[in-house]
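A.B. asks: build me a structure from this.
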Amino acid sequence: MSDKKKNQVNASIISDAFAEKVENYFAENPKKKKVYVSSDGYLFEVKKFATNHGDTLEDKEIITAKNPLQIDVTIEEEEEEEDPTPPSGVAATQKITQ
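C.D. replies: Below is the predicted model of the structure:
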């Protein structure tokens, strides 16, 4: 087995080995959106710290794990049409000057 193929197999085993650690992290920190995992299993909240730590390792790969409990919601605001009714009350009696 070549070294490259061996590393790929080891990487998948490492990912499975640290999956429980990541799950526990999100269980204890449910508001966190993601965590960075170094190849030796350390968890980092800041990507730069994970990258700096990864630079000290033989396998420099950093994996981003997203919180499965976080719901990714995108809200699109609808454009409101202007109300065609003229102003009434005080607004109707005030003169606006620029």
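
A.B. asks: going forward, measure contacts between C-alpha atoms and count neighbours the same way
C.D. replies: Noted.

A.B. asks: looks to me like Ala19 is in a helix.
C.D. replies: Yes - looking at Ala19 with DSSP: H, G, I helix; E, B strand; the rest coil, it is inside a helix.

A.B. asks: now do it against Asp59, distance only.
C.D. replies: 18 Å (C-alpha to C-alpha, to the nearest Å).

A.B. asks: would you check that Lys60 makes contact with Asp40?
C.D. replies: No - Lys60 is not in contact with Asp40 according to C-alpha atoms under 8 Å; the separation is 9.3 Å.

A.B. asks: show me the helices in the chain, by range?
C.D. replies: In the chain, the helices defined using DSSP state H lie at 3-28, 47-54, 90-93.

A.B. asks: and the second one, what does it pack onto?
C.D. replies: Going back to what we said before, that points to helix 47-54. On a contact count with 3 or more C-alpha pairs under 8 Å, 6 or more residues apart in numbering; DSSP states H and E, helix 47-54 meets strand 34-38, strand 62-66.

A.B. asks: what pairs with the first one, and is each one parallel or antiparallel?
C.D. replies: Using DSSP bridges, strand 34-38 pairs in its sheet with strand 43-44 (antiparallel), strand 62-66 (antiparallel).

A.B. asks: give me whichever of the ones you listed is most buried.
C.D. replies: Of all these, strand 43-44 carries the top mean neighbour count, a mean of 20, counting by mean count of other C-alpha atoms under 10 Å.

A.B. asks: pLDDT on it, on average?
C.D. replies: What strand 43-44 shows for mean pLDDT is 96.

A.B. asks: quick one: contacts of that strand?
C.D. replies: Here strand 43-44 makes contact (C-alpha atoms under 8 Å, 6 or more residues apart in numbering) with 22, 35-37, 50.

A.B. asks: hmm, try it at 7 Å
C.D. replies: 35-37, 50 (C-alpha atoms under 7 Å, 6 or more residues apart in numbering).
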